[in-house]
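Undergrad: What follows is a predicted protein model with its sequence.
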Amino acid sequence: MFICRFVDYNAYVGKFQKIIFILFAFLIFLVPLVLWPYTSEVFEFNKVVLLYILTTLITGIWVVRSLIERKIIFRRTILDIPLLVFIGSQLISTIFSIDPLTSWLGYYSRFNGGLASIICYCLLYWAFVSNFWKQDAIKLIKILLSSATLVSLYGILEHFGIDKDIWVQDVQSRVFSTLGQPNWLAAWLVALMPIGWALRLNPRHTKNWLWITLSALFFTTLLFTKSRSGLLGFVVANFIFWGLVLLKYKKQFLREFIIHNSLFLILFLLIGSPFRASNIQPPISPGIPSLETGGTESGTIRKIVWKGATQVWLHYPVFGSGVETFAFTYYKFRPVEHNLVSEWDFIYNKAHNQFLNTAANSGTTGLLSYLFLIGASVYLFTRKFENSEEGILNLALLAGFVSLSATNFFGFAVVPTELTFFLFPAFAIAIAGNSTEYQVRSKKLENTQKMSTLFVLCTLLYVLFSVGKYWYADTLFAKGKAFNASKKPDQAIKYLGAATRLEPNQALYHNELGSSLTNIALTYNEQKDTTNSKKFADMAIAESDKAVSLSPANVNLKKARFGVFIMLSVIDQNYLLNAQNTLVETINQSPTDAKLYYNLGLTYARTGQSDKALDVLKKTIGLKSNYKDARLAYAILLIEKGDKTGAKAQLEYILGSIDPNDFLTKQTLESIK
């Protein structure tokens, strides 16, 4: 560690390092564990907020320490330039983003990956390598493993039904523990498993079965996730670690290799392979797709999404469409064949391939900088292997780091895995380094030091206040959504109004408030209160306008705006024209979305434009041939036009997928007869 020559000063300076160590310990231990059921997203949102808070505290204390010691405490490393290049690419992408707020904070409900989180990870890397050395790093690695132990134990208990009544998903079939999704849990555990193997190979731990027990625990949890990408990551990590160990140390650790892999094989045979899983549940967050849900095979869907992501990349080749804006741009380039898969109307806010996701969002610049960072990190791990505890631990960090790229190829990074991605190189540098001594020039703080320290502390408090406000606004938003879902819009507007006042630039808050106001307007309309009905209808439209103006690239906000006008058309039929215009505008942003065309066709029909309705519904069927609702609506309009032959053909096409006893179908058949 940095050792001061002034004895009285040592304890004073040591406190800062101790505080930073404690904060890192909280970060590493709590981020995988934290969740809160009263926010709009249970897992990732709270993890990223904790990341913001602890990064702010760590960075603030680190800067204060530098001011007190009158020395820039910054350790130069091989990753400095790659990190700066990567941050630079994300910054440029954010500046030219189609939705800057999303690029800054991340897509709402995903959060990780925005520029703010990337800056946090880089600051944590630099804070770690500048303040810690070997013993600190090993202690923090063990704290990380202790967190993984708790996560795994909870995951195993999930498999046996400890919380089966809490989640909508079949958590016993695929566990997700405190990470929120099986693939995320699997990717994180796989990255950590080689560390346990390395500690087992340490001569001081040869007779200690703790590490092999942890390996069994982690692998059992991995199998209970039924994650195919996770198992692939495990194979990669296992091959790299044991392959390099046997190559470097020959037969010295052959026995340990046989013990570990025999254990894994036995567990695999007892528990089963994820490739035999037939029904795989979607993730936690509503409206977010799972590419591994029952229905269309996940590989087929991935190919379609990757095709769309490639088109986004080609359209925004240099700097991308903006960090974390894939949910908006994918609609524009969504392949037509996506309409024929089981998850055709789900929201895809990630490309489900970290590399394509980066290319689409940040362009070639972002992708190359990301690959540069990965390559530099791998070089860091491989440049020196020693016959020592540090050398084997370095191999473990390499294996875990590479496994993240393997799992990310079929998925994407979340807060725990991204934190691991940036801290593993920091661990390697800290473990390989040596402490240095330097002299502090003065014991007494000068006025400039005091003023600078005060400024840093004030800045720190301001950032913490902003993060706290951001988190609290989300809890209000979540309460408002819950009241809307329970048909209590009068209660919802209290919380949603407060949320929009705290975070006036969050488009989703205004959108949800618009939904509340719409329902209140309809209630007044039922009570024949024309004045209040009109008043709240205008307020609802204003909130919807605000939401769309804040995030014009967000197609889903325009879909919600269409819904507002359709609901308000009960009050005034003229709102149907607004709904119609909204859909026409939305289709320009999402030209292959069959549901948009279907709704436009119905709107044309309701406004008496039957010819346009027929044309649009015909195009809808062209986009999605198995769209039974569209074919039925098309058949009804054909009957009205007197084309019973055409209507019969439509119904005969869909009778295999529509209940013949369905009232509307029977009514249509009777009309044909």
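TA: The structure has been received and is ready for your questions. Numbering: from 1, shown residues only.

Undergrad: surely Phe16 meets Ser66?
TA: No: applying C-beta atoms under 8 Å as the test, Phe16 and Ser66 come out as separate, 9.3 Å apart. For the C-beta atoms, the positions are set from N, CA and C on the backbone; glycine is no exception.

Undergrad: doesn't Trp126 make contact with Leu423?
TA: No: using C-beta under 8 Å, Leu423 makes no contact with Trp126, being 11.4 Å away.

Undergrad: So between those two, which is more surrounded?
TA: The residue with more neighbours, out of Leu423 and Trp126, is Leu423; 24 against 20, by other C-beta atoms under 10 Å.

Undergrad: gap between the more buried one and Val414?
TA: Per C-beta to C-beta, to the nearest Å, Leu423 is found 15 Å from Val414.

Undergrad: for Val584, same thing?
TA: 37 Å.

Undergrad: more crowded one of the two?
TA: Between Val584 and Val414, counted using other C-beta under 10 Å, the more crowded position is Val414 (24 against 12).

Undergrad: For that one, give me its contacts.
TA: Val414 sits next to 44, 47, 112, 179-181, 184 when contact means C-beta atoms under 8 Å, 6 or more residues apart in numbering.

Undergrad: Can you tell me the element Gln135 falls in?
TA: Here Gln135, judged by DSSP states H and E, is contained in helix 134-159.

Undergrad: Give me the average confidence score over that helix.
TA: Averaged across helix 134-159, pLDDT comes to 95.

Undergrad: after it, next one along is what?
TA: On the C-terminal side of helix 134-159, the closest following helix or strand by DSSP H and E is helix 182-201.

Undergrad: Report the angle between that following helix and helix 134-159.
TA: Angle, helix 182-201 to helix 134-159, by axes from the mean of the first three to the mean of the last three C-alpha atoms, to 10 degrees: 130 degrees.

Undergrad: and helix 182-201, what other elements does it pack with?
TA: Using 3 or more C-beta pairs under 8 Å, 6 or more residues apart in numbering; DSSP states H and E, the elements in contact with helix 182-201 are helix 134-159, helix 210-225, helix 228-249, helix 254-271, helix 389-408, helix 415-432.

Undergrad: Between helix 389-408 and that helix, find me the angle.
TA: Going by the same axes, to 10 degrees, helix 182-201 makes 160 degrees with helix 389-408.

Undergrad: Please parse the chain into its domains.
TA: Following automatic domain parsing, the chain resolves into domains at 7-276+294-432, 593-673.

Undergrad: Please compute how far stretch 554-574 lies from its chain's middle.
TA: Taking C-alpha atoms, centre = their mean, to the nearest Å, one finds the center of stretch 554-574 at 29 Å from the center of the full chain.

Undergrad: what's the answer for stretch 504-521, then?
TA: 24 Å.

Undergrad: buried residues in it?
TA: Neighbour-count burial for stretch 504-521 flags 506-521 (criterion: 16 or more other C-beta atoms under 10 Å).

Undergrad: Which ones among these lie within helices?
TA: Judged by DSSP state H, helices contain the following of the buried residues of stretch 504-521: 507-521.

Undergrad: Skipping adjacent residues, who's closest to Val151 in space?
TA: What sits nearest to Val151 in space, not counting adjacent residues and going by C-beta to C-beta, 6 or more residues apart in numbering, is Ser177, at 4.9 Å.

Undergrad: That neighbour and Ala396, how far apart?
TA: Per C-beta to C-beta, Ser177 is found 22 Å from Ala396.

Undergrad: now Ile301
TA: Taking C-beta to C-beta, one finds Ile301 at 34 Å from Ala396.

Undergrad: likewise Leu368?
TA: For Leu368, the distance to Ala396 - C-beta to C-beta - is 28 Å.

Undergrad: quick one: which of these two has more around it?
TA: Ala396 (30 against 16).

Undergrad: Identify the residues contacting that one.
TA: Neighbouring residues of Ala396 by C-beta under 8 Å, 6+ apart: 194-195, 197-198, 241.

Undergrad: hmm, 10 Å instead?
TA: Ala396 makes contact with 141, 191-201, 237, 240-241, 244-245, 381, 424, 427-428, according to C-beta atoms under 10 Å, 6 or more residues apart in numbering.

Undergrad: Got phi/psi on Pro32?
TA: Phi and psi for Pro32, reported as degrees, to the nearest 10, are phi -70, psi -20.

Undergrad: any idea what sits nearest it, other than its immediate chain neighbours?
TA: Nearest residue to Pro32, sequence neighbours excluded (C-beta to C-beta, 6+ apart): Pro416, at 4.6 Å.

Undergrad: Look at the one you found and say how many residues are nearby.
TA: A count of nearby residues for Pro416, using other C-beta under 10 Å, gives 32.

Undergrad: Now do the same contact list for the most centrally placed residue in the chain.
TA: The centre of the chain sits closest to Arg110, judged by C-alpha atoms, centre = their mean, with a distance of 3.4 Å. Contacts here follow C-beta under 10 Å, 6+ apart; on that basis Arg110 touches 41, 44-45, 48, 102, 285, 288, 324, 326-327, 349-350, 412, 414.

Undergrad: Columns pLDDT, distance to Phe21 and secondary structure on top of those residues, output as JSON lines?
TA: Below are these laid out as JSON lines (pLDDT from 0 to 100; distance: C-beta to C-beta, whole Å; DSSP: H, G, I helix; E, B strand; the rest coil):
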{"residue": "Glu41", "pLDDT": "95", "distance to Phe21": "30", "secondary structure": "coil"}
{"residue": "Glu44", "pLDDT": "96", "distance to Phe21": "26", "secondary structure": "helix"}
{"residue": "Phe45", "pLDDT": "97", "distance to Phe21": "27", "secondary structure": "helix"}
{"residue": "Val48", "pLDDT": "98", "distance to Phe21": "23", "secondary structure": "helix"}
{"residue": "Thr102", "pLDDT": "96", "distance to Phe21": "35", "secondary structure": "helix"}
{"residue": "Ser285", "pLDDT": "39", "distance to Phe21": "34", "secondary structure": "coil"}
{"residue": "Ile288", "pLDDT": "39", "distance to Phe21": "36", "secondary structure": "coil"}
{"residue": "Glu324", "pLDDT": "96", "distance to Phe21": "32", "secondary structure": "coil"}
{"residue": "Phe326", "pLDDT": "96", "distance to Phe21": "37", "secondary structure": "helix"}
{"residue": "Ala327", "pLDDT": "94", "distance to Phe21": "38", "secondary structure": "helix"}
{"residue": "Asn349", "pLDDT": "90", "distance to Phe21": "36", "secondary structure": "coil"}
{"residue": "Lys350", "pLDDT": "93", "distance to Phe21": "34", "secondary structure": "coil"}
{"residue": "Phe412", "pLDDT": "93", "distance to Phe21": "31", "secondary structure": "coil"}
{"residue": "Val414", "pLDDT": "96", "distance to Phe21": "25", "secondary structure": "coil"}
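
Undergrad: Tell me where this structure is predicted with low confidence.
TA: Counting by pLDDT under 70, the chain contains low-confidence residues at 1-13, 203-208, 275-295, 384-389, 434-443, 656-673.

Undergrad: Try it again at 80.
TA: Residue ranges of the chain with pLDDT under 80: 1-14, 202-208, 273-296, 383-390, 433-445, 654-673.

Undergrad: Scan it for its longest helix.
TA: For the chain, the longest helix by residue count, based on DSSP H, is helix 447-485.

Undergrad: Only the buried residues of it, if you could.
TA: Of the residues in helix 447-485, those buried (16+ other C-beta under 10 Å) are 449, 452-453, 456, 460, 463, 467, 470-471, 473-481, 483-484.

Undergrad: right, and the helix or strand after that helix?
TA: Next in line after helix 447-485, if elements are assigned by DSSP H and E, sits helix 489-502.

Undergrad: Counting neighbours, which bits of that following helix end up buried?
TA: So for helix 489-502, counting by 16+ other C-beta under 10 Å, buried means 489, 491-493, 495-500, 502.

Undergrad: Compare the contacts of Arg110 and tell me which has the most neighbours.
TA: Tallying neighbours with other C-beta under 10 Å puts Glu324 at the head of the contacts of Arg110, with 32 neighbours.
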